[in-house]
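Engineer: Please find the sequence and the predicted model below.
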Amino acid sequence: QVQLVESGGGLVQAGGSLRLSCVASGSIISINVMGWYRQAPGKQRELVAVITGGGSTNYADSVKGRFTIARDNAKNTVYLQMNSLKPDDTAVYYCKATRSIFESYWGQGTQVTVSS
């Protein structure tokens, strides 16, 4: 089992910044892909950004150039730096750890609210 704990969410004005953190614990050996997803009210959960153990990254088009994902393997932590936030970024942000196509884990989520 893997436990994921997110933090760093909150209320921010449009144009502001937040940094989310996700700390992994438990059976984290061979966890390769870590990612951030978000779910706005009435919408499906969507990918925001992912990062592999080797440092390769992928971003949703809507956040490219504004968000940056990074990981610190020594601290078992993945970060999401969010700049130039927009009201459309308002959502619950979830951390996900993937070991294989058959095994993945989710955090409990952290609320991000961007006011206009």
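Structural biologist: Happy to help now that I have it.
Engineer: contacts, neighbours, all on C-alpha from now
Structural biologist: Fine.
Engineer: Not counting its neighbours along the chain, what's nearest the residue nearest the centre of the chain?
Structural biologist: By CA atoms, centre = their mean, the mean C-alpha position of the chain lies nearest to Trp36, the distance being 2.5 Å. Distances taken as CA to CA, 6 or more residues apart in numbering put Cys95 closest to Trp36, at 4.7 Å, once the chain neighbours are dropped.
Engineer: could you say which helix or strand contains that neighbour?
Structural biologist: Cys95 belongs to strand 91-100 when assigned by DSSP states H and E.
Engineer: ok, back up a step: verify the stated contact: the residue nearest to Trp36 with Gly8.
Structural biologist: No - at 12.0 Å, Cys95 does not count as touching Gly8 under the criterion of CA atoms under 8 Å.
Engineer: neighbour-wise, which of these two wins?
Structural biologist: Using other CA atoms under 10 Å as the criterion, Cys95 and Gly8 rank with Cys95 on top: 30 against 15.
Engineer: Buried ones in the strand holding Cys95, by neighbour count?
Structural biologist: Buried positions in strand 91-100, judged by neighbour count with 16 or more other CA atoms under 10 Å: Ala91, Val92, Tyr93, Tyr94, Cys95, Lys96, Ala97, Thr98, Arg99.
Engineer: Out of those, which two sit at the greatest distance?
Structural biologist: Ala91 and Arg99 (25.3 Å; CA to CA).
Engineer: picking that back up, quick one: contacts for the residue nearest to the centre of the chain?
Structural biologist: Leu47, Val48, Ala49, Val50, Leu80, Tyr93, Tyr94, Cys95, Lys96 (CA atoms under 8 Å, 6 or more residues apart in numbering).
Engineer: Can you read off the pLDDT for it?
Structural biologist: With respect to pLDDT, Trp36 scores 98.
Engineer: let's number from 35 now, not from 1
Structural biologist: Got it, first residue is 35 now, which makes that one Trp70.
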